[in-house]
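Colleague: Curious how this folds, go ahead:
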Amino acid sequence: MSRGGILLEYGGLSPEPTPFPLFAALGKSLTLRGYLVHEILGDPGKLAAAKAFILDGLASGALRPVIDRTFAFDQIVEAHRYLESNAQFGKLVVTV
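Modeller: Below you'll find the model as predicted:
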């Protein structure tokens, strides 16, 4: 990272500790910042911009979601168990 950069930490699903290069961060005067999706959901302007970004990206093909598994609605319990296992790589889809 460049001197004075901001390191954004997102997603902490792994039970493993996240190593942090303290001396490298101090040497470059980095800022460590966490992120929660509620920062976007709680701000109508940011939420509208995020929705537009996602919808435009899907329409143009720039964003292509990775689908791990698809479940029928009557398999919702199995879908939740699979999601809670953290075994997925990508999104789960539940068809209605």
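
Colleague: what about residue 25, neighbour count?
Modeller: If you count neighbours by other CB atoms under 10 Å, residue 25 ends up with 15. Yep, even glycine has a C-beta here, placed from its N, CA and C like the rest.

Colleague: Tell me if it really is in a helix.
Modeller: Yes. Assessed by DSSP: H, G, I helix; E, B strand; the rest coil, residue 25 belongs to a helix.

Colleague: What is the longest helix belonging to the chain packed up against?
Modeller: Counting by DSSP state H, the longest helix found in the chain is helix 44-60. On a contact count with 3 or more CB pairs under 8 Å, 6 or more residues apart in numbering; DSSP states H and E, helix 44-60 meets helix 38-41.

Colleague: The residue nearest to residue 5 when sequence neighbours are not counted - how many residues pack around it?
Modeller: Spatial nearest neighbour of residue 5, excluding adjacent residues (CB to CB, 6 or more residues apart in numbering): residue 30 at 5.5 Å. As a burial measure, residue 30 scores 18 neighbours (other CB under 10 Å).

Colleague: Could you verify my assumption that residue 30 touches residue 8?
Modeller: No. Between residue 30 and residue 8 there is no contact under CB atoms under 8 Å: 10.8 Å.

Colleague: Quick one: residues contacting residue 42.
Modeller: Residue 42 makes no contacts at all, as judged by CB atoms under 8 Å, 6 or more residues apart in numbering.
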